[in-house]
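# I would like the atomic coordinates for the input below:
(chains A and B)
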Amino acid sequence: MIEGVSIQVILTFTTVLFFIGLYGFLTRTHLIGILISLELMLNSEAINFVAVNKYLHPEFLQGAVFSLFILALAAAETALALAIILQVYRRTGSVDVKEVKELKY
Amino acid sequence: MEQILFYILAGTTLVAALLTVNTAKIYRAVVYLLIALLGIAGIYFQMNYDFMGAVQLSVYAGGVMVLLVYVVMLTEKVGEPIRRIAPFRRAIAGITVLLLMGLALFAIWKFDFQTLGNDSPVTVEQVGKAMLSYERNGFVLPFEVISVLLLAVMIGAIVIAKSKIQKNTDQ
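Modelled structure (predicted):
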């Protein structure tokens, strides 16, 4: 835990970060832009896990370990999504969601 | 001191995140995201969880960022603004998000948290032992599932990015 910073302050910070990510997710039409917003949301969740673990249940390791798993999942998701984006670009010549009307092979 | 540092890190992260979702050029968004990720890594270090901060720096600020920069350079003319949705729709999205955020913050500040934190750091040894232990409070099953998932993603990414496609000519 951080001295002089209560858990409410940290949760407020992560909540604001999450909703900034959500705003980006709703307003972006660029596939990479959407992916970046998603990264922000996943990061705020990982901080939440660590903070709740540290402040409320310091005798367990659940939050600490699961934040690592979230990070691994986020990295995997990014790699796969970027491969798909690259393929979409080769097919349509653009990475805008408007161009991706069908995902049929 | 710790408090001031936290507020500086959190403020930097939030400003960088706002710029990330608002900038009109996608390459700048990636750079702002890098700043936000560095701020988040600093917060992990402050919470005495050094391993997570190091992983954040190496996986996110290193690996994911390189991937994003590469794909942006492969798909986009760097420096050109991207298409954005109409300001009216953006305002609607902003209002919706603000309402939801208010609800979440209200719930957080109303809840009575029983804080009993101590300042003992989470060491790499503890995390490693917990991940490989198959007893109570062990995480060997999720660890294995993540390993298989990473392998599948690796193969999937290679297959998807390598597969040749013929351009659609019937449009």
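# so the residue of chain A found nearest chain B, which state does it fall into?
Taking Cβ to the nearest Cβ as the measure, chain A has A:Gly24 as its residue closest to chain B, at 3.1 Å. (Glycine included, C-beta is placed from N, CA and C.) Assigned with DSSP: H, G, I helix; E, B strand; the rest coil, A:Gly24 falls in the helix class.
# before we move on, what about B:Val122?
Following three-state DSSP, B:Val122 is assigned to coil.
# which parts of chain A are helices?
Secondary structure of chain A (DSSP state H): helices at A:7-27, A:31-56, A:62-92.
# circling back: and the gap between the residue of chain A closest to chain B and B:Tyr32?
11 Å (Cβ to Cβ, to the nearest Å).
# got a list of contacts for stretch B:97-115?
The list of residues contacting stretch B:97-115 from outside it, by Cβ atoms under 8 Å, 6 or more residues apart in numbering or on different chains, reads A:1, A:6-8, A:11-12, A:15-16, A:19, A:22-23, A:26, A:55-56.
# below-threshold pLDDT in chain B: ranges please.
By pLDDT under 70, the weakly predicted segments of chain B are B:78-79, B:117-118, B:165-171.
# try 50 this time
B:170-171 (pLDDT under 50).
# so the closest residue to chain A within chain B: helix, strand or coil?
Per Cβ to the nearest Cβ, B:Val21 is where chain B lies closest to chain A, at 3.1 Å. Secondary structure state of B:Val21, per three-state DSSP, is helix.
# and the helix or strand hosting B:Leu99, what's buried?
Following DSSP states H and E, one finds B:Leu99 within helix B:87-110. Buried residues in helix B:87-110, counted by 16 or more other Cβ atoms under 10 Å in any protein chain shown: B:Ala93, B:Val97, B:Met101, B:Ala104, B:Leu105, B:Ile108.
# please apply the same query to stretch B:13-26.
B:Thr13, B:Leu14, B:Ala16, B:Ala17, B:Leu18, B:Leu19, B:Thr20, B:Val21, B:Thr23, B:Ile26.
# could the buried residues of helix B:87-110 go into TSV alongside distance to A:His30?
Formatted as TSV, the buried residues of helix B:87-110 follow (distance: Cβ to Cβ, whole Å):
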residue	distance to A:His30
B:Ala93	15
B:Val97	18
B:Met101	23
B:Ala104	27
B:Leu105	29
B:Ile108	32
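# farthest pair within those?
Greatest spacing in these, by Cβ to Cβ: B:Ala93 and B:Ile108 (22.3 Å).
# so what's the closest residue to B:Ser133 other than its chain neighbours up against?
Spatial nearest neighbour of B:Ser133, excluding adjacent residues (Cβ to Cβ, 6 or more residues apart in numbering or on different chains): B:Val140 at 6.5 Å. Listed by Cβ under 8 Å, 6+ apart, the contact set of B:Val140 reads B:Met131, B:Leu132, B:Ser133, B:Tyr134.
# let's see it at 10 Å
B:Val140 makes contacts with B:Ala130, B:Met131, B:Leu132, B:Ser133, B:Tyr134, as judged by Cβ atoms under 10 Å, 6 or more residues apart in numbering or on different chains.
# cool, A:Leu35 as well?
A:Phe25, A:Arg28, A:Glu77, A:Thr78, A:Ala81, A:Leu82, A:Ile85, B:Leu33, B:Val64, B:Leu67, B:Leu68, B:Val71.
# switch the cut-off to 7 Å
A:Leu35 is in contact with A:Thr78, A:Ala81, counting by Cβ atoms under 7 Å, 6 or more residues apart in numbering or on different chains.
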